[in-house]
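Engineer: Sequence and computational prediction follow.
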Amino acid sequence: MPIRIVTIEREYGSGGSGIAQALAERLGWKLWDRDLTAEIARVAEVDNLAAQRCDLRVDPWLYRLFKVYARGSHERSLSLAEPGAFDTDFMIETLHKVIDDVASRGNCAIVGRGSAYFLRNRPDAFHFFVYASVDEKVRRLKSIGKSEKEALQLIDEIDRERSAFIRHYFHAEWPHRPLYNLMINSTFGDEHVVEMVLQHIAALEKRGEPRSLSA
């Protein structure tokens, strides 16, 4: 069975989103990163235009979820239209529904949002995790205007929040190594990562073995 879906999880500052974009371009596939935010908003019937209002504390875990995504991805564009009506369980249900839907369309690269966990039993999905040294992550974050102090703080806080989210909702440590087909260091460059992912996908397709993973 050919690979039709790639999920990308990443440490904050490792360049995972840019790598996902480069990979999608090489494959000619749809990238679900920023567009996934709009799709989540559409399905959940929340406003995705009010950029700074997503930190409404409907409950602590919902706030944590938004905080994780808002600081590390693009969910800062979501806000809650009806506080109290959109709880954490509904958010998880919505995420699962949206990710299953975009995966069913195939030929897509999905960044984060628990996609590797939701899609772990799909034999047509390839999951990889991007990490980097602290020095590399600081370098990348400084290149987009963060100070070294701010970069170090964000690296620690955001990955700690992501880990807590995965532990709470999926009962697994983050990153959960058995979940991924490949874990790769981005210190060697984005193009190197893309090439290695493509090589691993080609090798798995050639072997033709089932690839569903257990989380």
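Structural biologist: Arrived safely. Owing to the predicted nature of the structure, the values given are computational and were not obtained by experimental measurement.

Engineer: to the chain's geometric centre, what's the distance from stretch 111-119?
Structural biologist: 6 Å (CA atoms, centre = their mean, to the nearest Å).

Engineer: Show the end-to-end separation of it, please.
Structural biologist: 12 Å (CA to CA, to the nearest Å).

Engineer: if you average pLDDT over it, what comes out?
Structural biologist: Across stretch 111-119, pLDDT averages out at 91.

Engineer: what about this protein, any weak spots by pLDDT?
Structural biologist: Where the chain drops to pLDDT under 70, the residues are 46-89, 209-215.

Engineer: the strands in the protein, which residues?
Structural biologist: 5-10, 30-32, 108-111, 125-131, 182-185 (DSSP state E).

Engineer: residues near A20, how many?
Structural biologist: 28 (other CB atoms under 10 Å). The way it works is simple: take the backbone N, C-alpha and C, and place the C-beta from them, glycine included.

Engineer: For it, which non-adjacent residue is closest in space?
Structural biologist: I8 (4.3 Å; CB to CB, 6 or more residues apart in numbering).

Engineer: So what's the residue count around that neighbour?
Structural biologist: Residues near I8, counting by other CB under 10 Å: 27.

Engineer: One more: S143?
Structural biologist: 10.

Engineer: now R42
Structural biologist: 12.

Engineer: would you turn the strands of the chain into a markdown table with distance to Q153?
Structural biologist: Formatted as a markdown table, the strands of the chain follow (distance: least, CB to CB, whole Å):
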| stretch | distance to Q153 |
| --- | --- |
| strand 5-10 | 18 |
| strand 30-32 | 28 |
| strand 108-111 | 23 |
| strand 125-131 | 18 |
| strand 182-185 | 22 |
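
Engineer: most neighbours per residue, which of those?
Structural biologist: Comparing those by mean neighbour count (mean count of other CB atoms under 10 Å), strand 5-10 ranks first with a mean of 26.

Engineer: Strand partners (parallel or antiparallel) of it?
Structural biologist: strand 108-111 (parallel), strand 125-131 (parallel) (DSSP bridges).
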